[in-house]
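> 3D model of this:
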Amino acid sequence: MQQKLYSYTLVSLQFLLIGALLMSGTSIFSSILAILIFICGALMGMYSLFYNKLNNINIIPEIKEDAVLITTGAYAYIRHPMYLSVLLMMLGVVMVDLNVFRMSLYSLLILTLLLKAHKEEKLWMEKSEMYRAYRQRTKSIIPFIV
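Purely as a prediction, here's the structure:
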């Protein structure tokens, strides 16, 4: 039960931080660069969804009983393309009105998504030998880097 509470806390924090970023600054539509970064993030999310069907996705960092490991598309390079999608979209939002407060919120969002990724990976490592091999050949969130 305590593990589920931790998972729900991370998801709640993620959405709270996204909401705070969206409401704390100037509209994204005031910067072409911000719009382009946001669109890149949205496209990454759609591309990832094409390979990882909706019934396989779990926003809570828990593994569904019938979950299938996806290793194609963006998942061939990174284990958490949906997190990259969120980070890119919110980077676009932050860039419009860059200040210490918004950078702090964005940093907390990065930390939250890293904690979610760590939780998911720990569960997958316990569940699947195939995941251990997959983890060795892919990066976590940023292709070819991290």
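
> helices of the protein, start to end?
Assigned by DSSP state H, the chain shows helices spanning 2-23, 32-51, 81-96, 100-127, 129-137.

> ranking the ones you listed by burial, who's on top?
helix 81-96 (a mean of 21; mean count of other CB atoms under 10 Å). Using the backbone N, CA and C atoms, a C-beta is placed for each residue, glycine as well.

> now do it, average pLDDT.
The pLDDT scores in helix 81-96 average 96.

> output it as PDB, nothing but the C-alphas.
The C-alpha atoms that make up helix 81-96 are tabulated as PDB, following Å, rounded to 0.1, in the frame of the first residue of the first chain:
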ATOM      1  CA  PRO A  81       9.800   8.600 -24.500                       C
ATOM      2  CA  MET A  82       6.500   9.900 -23.000                       C
ATOM      3  CA  TYR A  83       8.600  11.500 -20.200                       C
ATOM      4  CA  LEU A  84      10.800  13.100 -22.900                       C
ATOM      5  CA  SER A  85       7.600  14.300 -24.600                       C
ATOM      6  CA  VAL A  86       6.400  16.000 -21.300                       C
ATOM      7  CA  LEU A  87       9.800  17.500 -20.700                       C
ATOM      8  CA  LEU A  88      10.000  19.000 -24.200                       C
ATOM      9  CA  MET A  89       6.500  20.400 -24.100                       C
ATOM     10  CA  MET A  90       7.100  22.000 -20.700                       C
ATOM     11  CA  LEU A  91      10.500  23.300 -21.800                       C
ATOM     12  CA  GLY A  92       8.700  25.200 -24.500                       C
ATOM     13  CA  VAL A  93       6.300  26.600 -21.900                       C
ATOM     14  CA  VAL A  94       9.200  27.600 -19.600                       C
ATOM     15  CA  MET A  95      11.200  29.300 -22.300                       C
ATOM     16  CA  VAL A  96       8.500  31.800 -23.000                       C
END
